[in-house]
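> Give me the fold of what follows.
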Amino acid sequence: MISSCKVINYIVIFPILFLSSCAGVSDEGRADFITGAQIGAVSAELVATHGEAERDRIEKGVGQAARLWRSDDGSPEEFAEFCSNNFISDPELLVSTFHRYEKNLESVIGHLTEISRDLSEPLDLDIGPMLPVDYLFAQYSPGAHVTEDFFNMKIAFVVLLNFPLHTLEERLSFGPGWSRLEWAQARLAESFSTRVPPEINQEVSRAYVRAHDYVNKYNIYMHHVLTEDGRRLFPAGMKLLSHWNLRDELKSRYADPQGVSHQEMIQLIMKRIIRQEIPAIVIDNPAVDWTPASNGVAVSPVHDFEGVEVTESKNSSPEPDRRYSHILEIFNAERLNDPYYPDTPTLMDRRFQRNREIPEARVEEMFKNILSSPVTARTAEFISERLVRPLRPFDIWYNGFKPSGTYQESDLDRIVSRRYPTPQAFDADLPNLLRRLGFSAGTADFLASKVTVDPARGSGHAMGAGRRADNAHLRTRVPPTGMNYKGYNIAVHEFGHNCEQVLSLNRVDLYMLSGVPNNAFTEAFAFVFQDRDLELLGLSQEDPDAEHLKALDVLWNTFEIAGVSLVEMEVWHWMYDHPDATAAELKEAVIRIAGGIWNTYYAPMFGEEDVILLAIYSHMIDYGLYLPDYPMGHIISFQIEEYLKGRNLGTEMERMCVLGNITPDAWMQAAVGEPISERPMLQAAERALRALREQ
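I've put the predicted structure just below:
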C-alpha cells in the first residue's frame with residue numbers, strides 16, 4: 001500500500017491493514033473455537049433468510065469470520081447473532097458500506113502515517129542533536145493495536161463476513177476479469193485476513209527502528225582513510241554513508257584517470273565492513289585516521305569537521321558483529337509473525353506471495369536468467385575492452401555507459417551545489433524539474449505541491465502519505481556546502497518515488513486500490529527519473545549510441561543487484577534453517593553465501609573467486625528482504641522505458657499510476673501491453689553489443 005525506498009521499514013513502523021493478502025489464516029491458539037458444524041448451522045440460517053442466491057457468499061463469509069473469531073470475541077451463540085445482524089445482501093447497501101470503510105480507513109491510515117513520520121523525524125532528519133528519548137518515540141508503533149482494536153470492535157469481522165478473500169492463485173487467474181470495484185473490495189478483505197497480536201507488531205517495529213538508526217550513522221570519514229604509505233586519497237570533509245555513498249563514490253571514479261586507487265581503497269573498506277574487521281572507533285568519527293590495509297588506527301592531526309561529536313582513541317578493536325546482530329534481531333522479530341500466517345509461514349513466503357504477489361521461484365528464475373545469460377558475459381567482455389584491462393571485482397559497479405561517466409565528479413558537484421545550496425532550493429525547483437520531464441504545467445504544480453523536501457541524516461528516502469490531504473516526503477542529504485552530485489542523483493530517484501506515490505494515491509479512483517502492485521513498481525518509476533538526472537541539469541548530449549549504451553547500462557546494473565538479491569534471499573533461507581544461530585555464525589554464513597553466488601555467476605567473468613562484495617548492501621540489515629525489488633524494478637523500468645519511446649513521460653506515467661494496486665502482470669499488461677519479463681532487456685543488450693561492435 002505504501003510505496004517508497006523505505007517501504008519495508010515504514011510498514012513495520014506502521015503495521016496495520018495492508019500487509020495481508022492470503023485467505024485461510026488462523027490465529028495461534030484459537031483451536032477452531034467455532035466448529036464446522038456451527039459454521040454450517042449459521043450459514044443455513046442465513047441462506048434461509050437471504051435466499052439461495054446468496055449461498056456462496058454466505059458460506060464463504062461465515063467461514064472467513066469464524067476462522068479468526070476467538071473465545072473472547074463472544075460465544076458461538078453470539079457469533080451466530082453477529083452474522084445474522086451483519087450479513088448484507090442488499091447490493092446497494094454493500095457498496096455503500098464498502099465506501100464507508102474506504103473513507104474511514106483513509107483517515108485512520110493517513111493520520112497514523114503522519115504520527116509515525118513525526119515520531120521518527122529526529123532519527124530520519126538532520127535537524128539537530130538526537131535525544132535519548134527520541135529512540136523510544138521512534139520505536140513506538142502507533143498502529144500496533146489498530147488491527148486488534150478493529151477485531152475487538154467487530155469492524156474487521158463485518159468485512160470478513162461480507163467481502164470474499166482470494167488466494168494468490170485466484171487473483172492471478174481471475175483478477176484480470178474483475179471490475180475496479182471488485183478489485184477494491186478484494187483489497188479491503190485482504191486488509192483483515194490475519195490477526196497478529198499488538199505486542200508482536202510493536203516488537204517488529206522496535207527491531208527495524210534500531211537497525212535503521214544503526215545504518216543511518218554508519219559514516220566513513222574518507223579524508224581520514226590512509227594508504228599504507230600514509231597518503232590521504234580523498235578530499236577533506238568527505239563523509240560517506242555505507243553502503244550507498246561508498247558505492248556511488250566508487251562509481252564516480254570511472255571518469256578519473258587515477259581513480260583505480262580510490263576504487264581499490266573503497267573495495268577494501270567494504271570488505272572490512274562485511275567481515276566486521278573495521279575498527280569500531282572509525283565509524284562516524286573524524287577524530288582518528290584509519291589505514292585499512294593494516295587496520296591500524298591513530299589519533300588524527302587533521303580537523304576537517306566542525307560541530308561533530310568525536311572520540312579520540314587509538315583503540316582498534318573491531319566492530320563486534322553488530323551488523324549481523326541487527327539482521328538476527330529483525331529475523332527473530334519477524335519470526336514471531338509466522339504462526340499467524342499458516343499459508344505463508346516464513347517472511348520469504350510473505351514477501352513474495354503476499355507483498356509482491358509473484359512466486360519466489362519465478363523471481364529467482366528471472367534473476368538467474370540475467371546472471372547466466374551469454375549476453376551478460378559478452379557485456380562483461382565489452383566493459384573490459386572499454387577499460388583496457390581485465391575486470392576487477394569492483395567493476396560490478398561500472399558506470400562508464402552513463403553520460404555521467406564522461407564528467408568529473410568535482411564538476412558535477414559544483415554545478416549541483418550552485419543550483420541547490422539547501423534542501424529548500426531543491427524543493428522550490430520541483431515544478432521546473434517536472435516540466436522538463438514532460439508533465440503539463442498543471443500536473444507539475446500539483447505534484448510539486450504534494451511533495452515536501454526534508455534534510456536526511458541517512459542517504460535519503462521517499463515516504464508516501466496515507467491520506468490525500470497529506471504530503472509525500474522526500475528526504476535527501478545536503479551538506480553545509482550545498483547538495484553534491486551523489487545527493488542530487490539520489491534525490492531525483494526519490495522524487496520518482498514521490499511522484500508515483502502522489503499520483504497513485506490522489507488520482508486513483510478508489511482508495512483501496514491506491515499504490516502500485518509492489519515496491520518493484522515504485523522502484524521502476526524512481527529509475528525512470530534517476531536515468532534523466534543529467535538531462536534535468538541541462539547536461540545531456542546528443543549521442544547516436546545513447547540508446548545502445550543505456551541498454552547495456554541497465555543490464556549491468558541489474559546483473560549486479562540481482563546477485564545481491566540472491567544473497568539476501570539465500571541468507572533468509574539459511575536463518576530459517578538455523579534459527580538459533582549467533583551473530584558470528586550468521587556472519588560466516590553471509591560471507592560463504594556471498595562468495596558462493598559470486599563463484600557461480602561472477603567469477604567466470606571476473607577471473608577471481610570468493611569475492612564477498614555482494615554482501616555490502618545496508619538493505620540487508622534494516623529492510624528485511626527488500627533487495628529483490630531493485631532488480632525487479634530495473635526489469636519493469638526497462639519495459640516502461642521501451643513503451644515510453646515516442647510518448648510523453650508525464651502523460652503515460654499518470655495513466656499507469658492510476659491503475660493502482662492490482663496484481664503485477666495485470667498492471668503491466670494494462671500499462672505496457674505485456675507481462676513482466678527479463679527478455680526485452682536481454683534482447684536490447686544483444687542488439688546494442690552487435691551495433692557497437694560493428695562500428
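
> switch to C-alpha atoms for all contacts and neighbour counts from now on
Will do.

> Which helix or strand contains Thr170?
Rather than Thr, residue 170 is Glu. helix 168-174 (DSSP states H and E).

> Would you indicate which residues of the very next helix or strand once past that helix are buried?
Downstream of helix 168-174, the next assigned helix or strand under DSSP H and E is helix 180-190. Applying a neighbour-count criterion of 16 or more other C-alpha atoms under 10 Å, one finds Arg180, Trp183, Ala184, Gln185, Ala186, Arg187, Leu188, Ala189, Glu190 buried in helix 180-190.

> how close does the last one sit to Ser71?
This means Glu190. Going from Glu190 to Ser71 by C-alpha to C-alpha, to the nearest Å gives 23 Å.

> Ala526: how many residues sit nearby?
As a burial measure, Ala526 scores 28 neighbours (other C-alpha atoms under 10 Å).

> Does it belong to a helix, a strand or coil?
State at Ala526, reduced to three classes by DSSP: H, G, I helix; E, B strand; the rest coil: helix.

> for it, what are its contacts?
Contacts for Ala526 (C-alpha atoms under 8 Å, 6 or more residues apart in numbering) come out as Val492, His493, Glu494, Phe495, Gly496, His497.

> low pLDDT regions in the stretch 51-200 of the chain?
Across the stretch 51-200 of the chain, not a single residue meets the criterion (pLDDT under 70).

> Do a quick rundown of the helices in it.
In the stretch 51-200 of the chain, helices defined by DSSP state H, counting those that start in this stretch lie at 55-68, 76-86, 91-124, 132-139, 146-152, 155-162, 168-174, 180-190, 198-216, listed in chain order.

> quick one on the thing from earlier: just the closest of the buried residues of helix 180-190 to Gln64, please.
Using C-alpha to C-alpha, Ala189 is the member of those that lies nearest Gln64, at 9.8 Å.

> quick one: the closest one and Val158 touch, right?
No - using C-alpha atoms under 8 Å, Ala189 is not in contact with Val158; the gap is 9.7 Å.

> where in the stretch 301-450 of the chain is pLDDT low?
307-308, 403-406.

> Helices along that one, start to end?
For the stretch 301-450 of the chain, the helices defined by DSSP H, counting those that start in this stretch occupy 322-335, 347-349, 360-371, 374-387, 409-419, 423-436, 441-449.

> Ile561: which of the ones you listed is closest?
Comparing the helices of the stretch 301-450 of the chain by C-alpha to C-alpha, helix 360-371 comes nearest, at 9.2 Å.

> Tell me what angle the closest one forms with helix 374-387.
Angle, helix 360-371 to helix 374-387, by axes from the mean of the first three to the mean of the last three C-alpha atoms, to 10 degrees: 40 degrees.

> tell me which residues of helix 360-371 are tucked away?
For helix 360-371, by 16+ other C-alpha under 10 Å, it's Glu360, Val363, Met366, Phe367, Lys368, Asn369, Ile370, Leu371.

> Let me know the closest of those to Met569.
Closest to Met569, out of all of those and judged by C-alpha to C-alpha, is Glu360, at 9.3 Å.

> Next, give phi and psi for Val297.
phi -130, psi 140 (degrees, to the nearest 10).

> what's the closest non-adjacent residue to it?
Take Val297 and drop its neighbours on the chain: the residue closest to it by C-alpha to C-alpha, 6 or more residues apart in numbering is Trp290, 4.7 Å away.

> hmm, who's touching the helix or strand harbouring that neighbour?
Using DSSP H and E, Trp290 falls within strand 288-291. For strand 288-291, the external contacting residues (C-alpha under 8 Å, 6+ apart) are 224-228, 230, 281-282, 296-300, 311-314.

> Among those residues, which ones are in strands?
Gly296, Val297, Ala298, Val299 (DSSP state E).

> So what's the predicted local confidence for the second one?
Model confidence at Val297, expressed as pLDDT, equals 96.
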